[in-house]
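[1] Here is a sequence together with a model predicted from it:
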Amino acid sequence: MNNVFLIGFMGAGKSSVSHRLHQLLHREVIEMDACIAQKEGMSIQEIFAQKGEPYFRACETALLESFTAGAPRIVSCGGGVPMREENVAAMRRCGTIVLLTARPEVILGRVEHDHSRPLLEGHKDVPYISALMEQRRPKYEAAADITVDTSDRTIEEVCREIIKLAAQTETTTK
Ligand code: S3P
């Protein structure tokens, strides 16, 4: 299996799923937010507040472009990654793009008590989450090779589905 890029809205389950895929596939896992925070020496909230969102988006693109070499990895992307065409092109060149989705109510339940996402602070409600999700949906769907809804599935079920569908996708695109 190629690199696996997990994309999707905040709270769709990318981090939990990538952690379990790491155990199942024995692949290195890269959590993009954590990688950027470590490199910059500050949290994502601090990067947004002190350097601005465009700076953070440039960090994401630079990091993605570094994944073209090396052993296949599992990459848990920040929710905004597929908004840039160049990011989608970089992922396409070297991997399978897996879109995780979930209903807005489910997303809200997962992010409610977390304060690490600047875009959701002060907007923890279903109408806001639905609107941002709808705005992003065309780009998420256009980027995806595979889509798995995580709303009513366990992490284990989601991972098994991804492994099965990714193997089929790679066979048909070879
Ligand atoms: C963002 C998602 C976050 C993080 C940043 C911006 C977004 O990552 O990159 O807060 O624009 O959707 P997660 O999707 O891992 O929460």
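    In hand now; what should we look at? Residues are numbered from 1 along each chain as shown.
[2] ok, which residues in the chain are in contact with the ligand?
    Among all residues of the chain, those adjacent to the ligand (criterion: CB under 6 Å from any ligand atom) are 10, 14, 33, 44, 78-80, 117-119. In this view, the C-beta of every residue, glycine as well, is placed from N, C-alpha and C.
[3] which of these tops the neighbour count?
    Most neighbours among the residues of the chain next to the ligand, by other CB atoms under 10 Å: Lys14, with 28 neighbours.
[4] Which two among the residues of the chain next to the ligand are spaced furthest apart?
    Lys14 and Pro118 (17.2 Å; CB to CB).
[5] what's the longest strand in this structure?
    Determined from DSSP state E, the single longest strand within the chain is strand 95-101.
[6] which strands and helices sit next to that strand?
    Secondary structure elements in contact with strand 95-101, counted by 3 or more CB pairs under 8 Å, 6 or more residues apart in numbering; DSSP states H and E, are strand 3-7, helix 126-143, strand 146-149, helix 155-173.
[7] What is the nearest of the residues of the chain next to the ligand to Ala62?
    Closest approach to Ala62 among the residues of the chain next to the ligand (CB to CB): Gly78, at 13.0 Å.
[8] tell me the secondary structure for that closest one?
    Under DSSP: H, G, I helix; E, B strand; the rest coil, the three-state class of Gly78 is coil.
[9] helices and strands around the worst-scoring helix or strand of the chain on mean pLDDT, which ones?
    Across the helices and strands of the chain, the lowest-confidence element by mean pLDDT, DSSP states H and E is helix 155-173, at a mean of 88. Contacts of helix 155-173 with other secondary structure elements, assessed using 3+ CB pairs under 8 Å, 6+ apart, are made with helix 14-25, strand 95-101, strand 146-149.
[10] for these, which one ends up most surrounded?
    Ranked by mean neighbour count, the helices and strands packed on helix 155-173 are led by strand 95-101 with a mean of 24 (mean count of other CB atoms under 10 Å).
[11] Dump it to CSV, keeping only the CA atoms.
    Extracted C-alpha coordinates of strand 95-101, given in CSV (Å, rounded to 0.1, in the frame of the first residue of the first chain):
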residue,chain,number,x,y,z
GLY,A,95,-0.7,8.2,-2.1
THR,A,96,-4.3,7.3,-1.6
ILE,A,97,-6.5,10.0,-0.2
VAL,A,98,-9.1,8.8,2.3
LEU,A,99,-11.9,11.1,3.3
LEU,A,100,-13.4,10.6,6.7
THR,A,101,-16.9,12.1,7.2
